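how would this look folded up:
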Amino acid sequence: ASISGGIIQTTLSAEGAETISINAASGSLTVGSSAATTFSVVASGGMTLTTKLSGITTLTMDTGDGKITAETLGTNKLTTATIAGSGTGAAVSLGTHSGSGTTVYSLSGLAGGVSATGITNTSGTITISAANLEGSIDIDKISGGTTTIAGGTGGNMTLDSVLVRNGFTLDNSAFTSGSGSTTLTLVSAGAASTIAMGSNASGGLTVTDATFGNNLTLDASNFGGTIDVTRLSTSGTLSVSIGARGDFSAVSMESVGNMTFDGSKGATGSVSLNDISAAGNATFSMGSGSGSFLMTTGLVGGNFTLDGSKFEGSMDVSSLTASGTTVVSVGALGDFSATQVHSLGNFTLDASLAATGRLTLTNVSSNGSFTLSMGSGSGALSLGASNAVRASSTLTLDASKFNGTIDAMALSASGAITISVGPKGDY
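Alright, predicted model coming up:
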């Protein structure tokens, strides 16, 4: 069954037809067929569709500068959907579509965006290929097996609910310009997953609530926008890398395995971590830029490493407990503070590169040795409050080259205490 013409306002009786083709300028159409498996719509000016075509396996839509509204089009056997639009107003809105096996959605153009109520797959994979999409993607619900989404050039995407049994991959590498926003409201995936951002100079990624049953890699190493996480949890390892802007915040991040945060490309910006928990080792590295690093609460089941040896900004740790060793290295600015740090292994603070600034340790304890090394710069070292530094083994304070002031309220160790003071001799 087919219809072609200019502006149409009609009802098509297509019962028994396996293929339905529409080619018109615009208008509205009501159509239904229990036998139809292929449905094609070409509407240069857009069209409103009212349909009963649940058995469709192949869907094709093409609009010029209008919107195809097909929210009543729901399918339960879909395998392939090809949707395109060439004009600045080209857009498509879809209903709920389901399939089994492999379902592939190919989206291109559509500067006005594409939306869907739901995309599901009862037993197979979902692939949404939208690297050539110019507009936004808005999907209320995605559920199925392995799910792969390649986002468009504008980077505008909103996924309200993603519930997949296997791995989830979001590839936003096509997002290379503009200031689009990618929002993941609720994500749950049962296997190893990846979120990769593009190389655009601005924009944002927001993750509200995400749970992964295995490893997660969040690769934003070339991303120039902001990243904001409310809750992120993995049952495996968690690897996060950020780009030159270095703007990252997390209210809660948790990993059952190791946690790695790579900010080595950061040229400026702010890293704010409110509640961090890793059952394995946790490693955080900062770049050579300015800005700030703040960790409010950290609980680490293995070793903790904070590498700020090239960092020109401030670093502050409010509370940290590590079951292994703790190693902190400070850059030339020498701006570091720690309020409550408890390390069951050795504690090492390397400030040998500090040229100025102020290091403040309020309450630090180590069940092993404690070692603090100062550089040849000026500034101040403050070991304040009662029981400021405690070590179950040796305590070493090497300030032999330091030209600043040293103020220590209380130092205690079960082993030897060794203190070396620099040429200024202010201790």
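
Look up which residues are beta-bridged to D219.
On the basis of DSSP bridges, D219 is bridged to A196, S241.

okay, now it: neighbour count?
19 (other Cβ atoms under 10 Å). (Each C-beta comes from the backbone N, C-alpha and C, glycine too.)

dump the residue contacts of it.
Taking Cβ atoms under 8 Å, 6 or more residues apart in numbering as the criterion, D219 is in contact with T194, I195, A196, M197, S239, S241.

Just list the residues touching the first one, thanks.
For T194, the set of contacting residues under the criterion of Cβ under 8 Å, 6+ apart consists of G167, F168, T169, L170, D171, L216, T217, L218, D219.

now do the last one
Contact partners of S241, counting by Cβ under 8 Å, 6+ apart, are L218, D219, A220, S221, F261, D262, G263, K265.

Let's see that with 10 Å instead.
Going by Cβ atoms under 10 Å, 6 or more residues apart in numbering, S241 touches 196-197, 217-223, 248, 260-265, 285.

In strands only, show me those residues.
Using DSSP state E, the subset of the contacts of S241 located in strands is A196, M197, T217, L218, D219, A220, F248, T260, F261, D262, G263, S285.

Considering those residues, which possesses the most neighbours?
Neighbour-wise, the ones in strands among the contacts of S241 (other Cβ under 10 Å) top out at M197, 28 neighbours.

isn't it right up against G203?
Yes. Look at M197 against G203 with Cβ atoms under 10 Å: they come within range, at 8.4 Å.

and for the two, which residues touch both?
G155, N172, F175, T182, F223, G224, G225.

what's the closest of these to T396?
Nearest to T396 among these is F223, at 40.8 Å by Cβ to Cβ.

tell me the contacts of that closest one?
Going by Cβ under 10 Å, 6+ apart, F223 touches 155, 172, 175, 196-205, 241-245, 247-248, 265.

can you check G27 too?
Contacts of G27 by Cβ under 10 Å, 6+ apart are 3, 5-10, 43, 45-49.

how about a cut-off of 8 Å?
G27 makes contact with I7, I8, Q9, T10, A43, M47, T48, according to Cβ under 8 Å, 6+ apart.

just to revisit the earlier point, can you tell me which of the contacts of D219 is nearest S129?
A196 (14.8 Å).

pLDDT score for the closest one?
Per-residue pLDDT puts A196 at 96.

Quick one: residues contacting L184.
L184 makes contacts with L159, V162, L170, I195, L205, T206, V207, T208, A210, as judged by Cβ under 8 Å, 6+ apart.

what's the single longest strand in the chain?
strand 19-32.

Pull out the buried residues from that one.
Neighbour counts over strand 19-32 (16 or more other Cβ atoms under 10 Å) mark I20, I22, A24, A25, S26, G27, L29, V31, G32 as buried.

for the record, mean pLDDT for the helix or strand just after it?
Heading C-terminal from strand 19-32, the first helix or strand you meet, by DSSP states H and E, is strand 38-43. Across strand 38-43, the average pLDDT comes to 96.

Partner strands of strand 38-43 and their direction?
In the sheet, strand 38-43 lines up with strand 19-32 (parallel), strand 58-63 (parallel) (DSSP bridges).

Let's have those in CSV, adding distance to S314 and mean pLDDT.
Shown next, in CSV, are the strands paired with strand 38-43 (distance: least, Cβ to Cβ, whole Å; pLDDT from 0 to 100):
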stretch, distance to S314, mean pLDDT
strand 19-32, 59, 95
strand 58-63, 52, 97
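
Mind putting those into JSON lines with distance to S129?
Listed next are those as JSON lines, based on distance: least, Cβ to Cβ, whole Å:
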{"stretch": "strand 19-32", "distance to S129": "23"}
{"stretch": "strand 58-63", "distance to S129": "14"}
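
which one of those strands lies closest to F304?
strand 58-63 (51.8 Å).

Give me the contacts around that closest one.
37-47, 68, 70, 73, 75, 78-87, 90-92, 97, 110.

Separate out the buried members of those residues.
The neighbour-count test (16+ other Cβ under 10 Å) applied to those identifies 37-47, 68, 70, 73, 75, 78-85, 87, 90-92, 97, 110 as buried.

Please list the members of those residues that lie in strands.
Using DSSP E, the buried ones among the contacts of strand 58-63 in strands are 38-43, 46-47, 68, 70, 80-85, 91-92, 97.

Would you write out the ChimeraX command that picks the buried residues out of the contacts of F223?
With 16+ other Cβ under 10 Å as the criterion, this ChimeraX line picks the buried residues out of the contacts of F223:
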select :155,172,175,196,197,198,199,200,203,204,205,241,242,243,244,245,247,248,265
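
Who does the host helix or strand of T297 pair with, and is each partner parallel or antiparallel?
For T297, the host element (DSSP H and E) is strand 292-300. Here strand 292-300 has these sheet partners by DSSP bridges: strand 270-278 (parallel), strand 314-322 (parallel).
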